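Trainee: Fold the following.
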Amino acid sequence: MRYCRFCVWFLLSFFLSEGVAGQDVFLPAEGESSVAEKNLKLEHWFLRYDAETRFTEKVDLADSILDLCMDIGRYEEAAGYWTQKASMQEKAGSFREAYYTWKSLGQALQYGILPVRTEDSLAMTASLQMVSDAMQAGMSQEGIEAAYAFLHRWPDASKTMLASVYSNLASLYMYSGRMEDAFYYHRQALSLLPLPVEEEVLVYRNLAGWFFASKQMDSSLFYLMKIRPLVVAFPDLNLDFYYNNLACIYSELGQKDLALHYFGLALAEVDKNAEKSFRKTRILVNMSNMSQGMGDVALAEIYLQEAIALSREIGYKEVECYAHEDYAALLYEEGKLQQAYRELHAAYHLRDSVWNREREEVVYNLRKDFELEKMQSDLRLAELANSQKKLSLTVLSLVIFFLLIALSVLLYRLKRGKQESDEVIRDIQEENDFLAKGIETEKQRGADRSMSNAYKDEVLHQIQEETALLQETVRSLSKDEVERACARIARLAQSGSVENRWKQYLADFEATYPYFFVNLEQKVSGLTRSEKRLAAFLASGLNAKEIANLTGRTPRSIGTFIYRLRKKIGLGNEVKTSDYFEALREESVSGRK
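Mentor: You can find the predicted model right below:
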């Protein structure tokens, strides 16, 4: 039929056109030709609208057809496409857009812009749908105003329409937090029972939602169970909302297995009809809330991401906005502030299409909490950075301190080791010097003893010879002659041995200690020959008894000589005679004067 009309309008435009050769027959010439052209274009759009399957393009075509119908006065068709546009938006879940479409239709009917035969019934339908769509979109204030406008204009409407208005008005009050007002209108709706099946299901479902919001799960479950026989009797009813509500109740009651079962049934019911895809987004959001309550945050995030993706795909901006906000709140609780901010920012982009006072307050509070948390987080990070910096400086200071201590200990040990090695070397040198001195002393003493023994042997040999000679001649000598011979032998032994022995000893001593007597004269002048000889004996390490044997004196007389020598030199009682003369001898060995 539409194709035939299109052909008729095409022919009319052809014959009515006054174009010349080369002129486009579709261009209008005067007023009548312009109307014909618009009608032709309209028929063309009718065909495109019937063939179009994409939601956005079909809504745009409905807008174009509606405007053109209003322009050329085809009001009945304009009203039909007006309602079709709103219905398409409702099927796609764009309830906010649908609300404004119904509102514009009602205003056009109210002010006479759209004169149609069914004006009153169409206006009633538009007003009723405004209440329903506002409730679906969460537009509490707009929905309440639309509901009161309907009750004021049509107080004698049918029980079915009044029950729908009362039930939706109760839900709108519930969304606004006015639970008592909501329960009042739920009772008003209950008072109108019995109703047709769909309206009765709506009343029971909304009342179950009120008890669910009031945390009265048993009562909520009771009214949902009233829907069950209606669902069984009328299988064409939408079951997804029924299963979804049951799943939410069992989730709150802690029966997670039953909740998952009914969520699965709800998803399966939605998948049967592509036009119900927008309801799947709400089911996914509810499943996310349940998973979050179970502590499975990862699964909750997956459900929210699916809800966001599906809402964006079908253009269901209301649920997409709410899902972004729920996802931002979930990320915020996990401490993922940057991701939470991105999700919140995505919700802000949807503001123009889904904004209302309740959501504005929710998002404002969430953003305020986010900014406060971010500020506190930045402050904590700054404090942590400062504390880490202080800790690093402290650790660095301790490391430097311990390194300095270790370096000091190492230097001390090196210095101490050097000192100890120097002391060992010095001890070894002193020991070597002491051994060398001892060797020299023993050599000198050996030489002195050898010299003394050799001289003694020589004197003894002379005495033996004299004694043997005396024995041979003793018989012929007189007693006086014998005595004289013995005295000669004694003098020989005494004078010859001491004098010669001293000379020989003096020569050897001066050869060994060339500066001894020089140094002695510098310290004490005026020493006699006997005192020098005694000093040489003492410097050689001989004691009084040994000196007495060498000199033929008694040890006592030698002790007296030593006492006189000490007194002359000026030695105190604390200085040993042997130490003094040995030190003087060592100076003579080193060549010091």
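Trainee: For the rest of this, base every contact and every neighbour count on C-alpha atoms.
Mentor: Noted.
Trainee: so where's the protein shaky on pLDDT?
Mentor: 1-33, 231-238, 273-278, 314-318, 350-374, 377, 434-505, 507-508, 589-593 (pLDDT under 70).
Trainee: What segments of it are strands?
Mentor: Applying DSSP state E to the chain gives no strands.
Trainee: residue contacts, Glu582?
Mentor: By Cα atoms under 8 Å, 6 or more residues apart in numbering, the contact list for Glu582 reads 538-541.
Trainee: and with 7 Å instead?
Mentor: Counting by Cα atoms under 7 Å, 6 or more residues apart in numbering, Glu582 touches Ala539.
Trainee: and if you look at Leu527?
Mentor: Contact analysis of Leu527 by Cα under 7 Å, 6+ apart lists nothing.
Trainee: Give me the phi and psi angles of it.
Mentor: phi -80, psi 140 (degrees, to the nearest 10).
Trainee: do you know how far it is from Ala539?
Mentor: Distance, Leu527 to Ala539, by Cα to Cα, to the nearest Å: 15 Å.
Trainee: what do you get for Leu162?
Mentor: Using Cα to Cα, one obtains 148 Å as the distance from Leu162 to Ala539.
Trainee: Same question for Ala108.
Mentor: For Ala108, the distance to Ala539 equals 149 Å [Cα to Cα].
Trainee: same check, this time on Ser219
Mentor: For Ser219, the distance to Ala539 - Cα to Cα - is 132 Å.
Trainee: One more: His324?
Mentor: The gap separating His324 from Ala539 is 116 Å, by Cα to Cα.
Trainee: now swap in Leu190 and tell me
Mentor: When distance is defined by Cα to Cα, Leu190 is 144 Å away from Ala539.
Trainee: more crowded one of those two?
Mentor: Ala539 (24 against 18; other Cα atoms under 10 Å).
Trainee: For Glu301, see how far away that one is.
Mentor: Counting by Cα to Cα - Ala539 and Glu301 are separated by 111 Å.
Trainee: same deal with Leu207?
Mentor: Leu207 is 30 Å from Glu301, by Cα to Cα.
Trainee: next one: Thr53
Mentor: 32 Å.
Trainee: quick one: which of those two has more around it?
Mentor: Higher neighbour count among Thr53 and Glu301: Glu301, with 20 against 10, using other Cα under 10 Å.
Trainee: quick one, what contacts the more buried one?
Mentor: Contacts of Glu301 (Cα under 7 Å, 6+ apart): 288, 327.
Trainee: And it, how far from Asn244?
Mentor: Applying Cα to Cα to Glu301 and Asn244 gives a distance of 19 Å.
Trainee: and stretch 292-300, how far apart are its ends?
Mentor: Termini of stretch 292-300 sit 5 Å apart (Cα to Cα).
Trainee: Equivalent analysis for stretch 189-201, please.
Mentor: OK, stretch 189-201 end separation, Cα to Cα: 11 Å.
Trainee: which residues are contacting it?
Mentor: Residues contacting stretch 189-201 (Cα under 7 Å, 6+ apart): 159-160, 163-164, 166-167, 203, 227, 230.
Trainee: what about Leu571, neighbour count?
Mentor: 14.
Trainee: Ala86 is in contact with Trp102, correct?
Mentor: Yes - counting by Cα atoms under 7 Å, Trp102 does reach Ala86; the two are 6.5 Å apart.
Trainee: Spatially nearest residue to Lys545 (excluding sequence neighbours)?
Mentor: Pro555 (5.0 Å; Cα to Cα, 6 or more residues apart in numbering).
Trainee: measure Leu224 to Phe561 for me?
Mentor: Distance of Leu224 to Phe561, given as Cα to Cα: 144 Å.
Trainee: more neighbours, these two?
Mentor: A side-by-side neighbour count of Leu224 and Phe561, using other Cα under 10 Å, places Leu224 first with 22 against 16.
Trainee: who's in contact with the more buried one?
Mentor: Taking Cα under 7 Å, 6+ apart, one finds 204-205, 208 in contact with Leu224.
Trainee: what do you get if the cut-off is 6 Å, keeping everything else the same?
Mentor: For Leu224, the contact set (Cα atoms under 6 Å, 6 or more residues apart in numbering) is empty.
Trainee: likewise Ile558?
Mentor: Counting by Cα under 6 Å, 6+ apart, Ile558 makes contact with Ala544.
Trainee: Can you tell me how far it is from Ala298?
Mentor: Distance, Ile558 to Ala298, by Cα to Cα: 118 Å.
Trainee: Next, count neighbours for Ala149.
Mentor: Other residues close to Ala149 by other Cα under 10 Å number 15.
Trainee: Let me fix that, I meant to ask about Gln429.
Mentor: 12.
Trainee: Also Leu299?
Mentor: 17.
Trainee: now Leu407
Mentor: Using other Cα under 10 Å: Leu407 sits among 12 other residues.
Trainee: go on, Thr56?
Mentor: Using other Cα under 10 Å: Thr56 sits among 15 other residues.
Trainee: for Pro155, same thing?
Mentor: Using other Cα under 10 Å, Pro155 has 11 neighbouring residues.
Trainee: Can you show me the helices along the stretch 51-200 of the chain?
Mentor: Taking DSSP state H, counting those that start in this stretch, the helices of the stretch 51-200 of the chain run over residues 55-72, 75-91, 95-110, 119-137, 140-153, 159-175, 179-190, 197-213.
Trainee: Dump those into CSV; add distance to Ala36 as well.
Mentor: Shown next, in CSV, are the helices of the stretch 51-200 of the chain (distance: least, Cα to Cα, whole Å):
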stretch, distance to Ala36
helix 55-72, 10
helix 75-91, 17
helix 95-110, 25
helix 119-137, 27
helix 140-153, 40
helix 159-175, 42
helix 179-190, 51
helix 197-213, 45
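Trainee: For Gln305, find the nearest of these.
Mentor: Closest to Gln305 of those, according to Cα to Cα: helix 119-137, at 20.4 Å.
Trainee: So which elements touch that closest one?
Mentor: Applying 3 or more Cα pairs under 6 Å, 6 or more residues apart in numbering; DSSP states H and E, one finds that helix 119-137 contacts helix 95-110, helix 140-153.
Trainee: for those, which one sits closest to Leu584?
Mentor: The nearest among the helices and strands packed on helix 119-137, by Cα to Cα, is helix 140-153 at 126.9 Å.
Trainee: so what does the closest one touch, helix or strand wise?
Mentor: Applying 3+ Cα pairs under 6 Å, 6+ apart, we find helix 140-153 packed against helix 119-137.
Trainee: how far does the helix it packs on sit from the chain's center?
Mentor: Helix 119-137 sits 56 Å away from the centroid of its parent chain (Cα atoms, centre = their mean, to the nearest Å).
Trainee: Flag every buried residue along it.
Mentor: Across helix 119-137, burial judged by 16 or more other Cα atoms under 10 Å covers 119, 122-137.
Trainee: check contacts around the residue nearest to Lys545.
Mentor: Here Pro555 is in contact with 544-545, 548 (Cα under 6 Å, 6+ apart).
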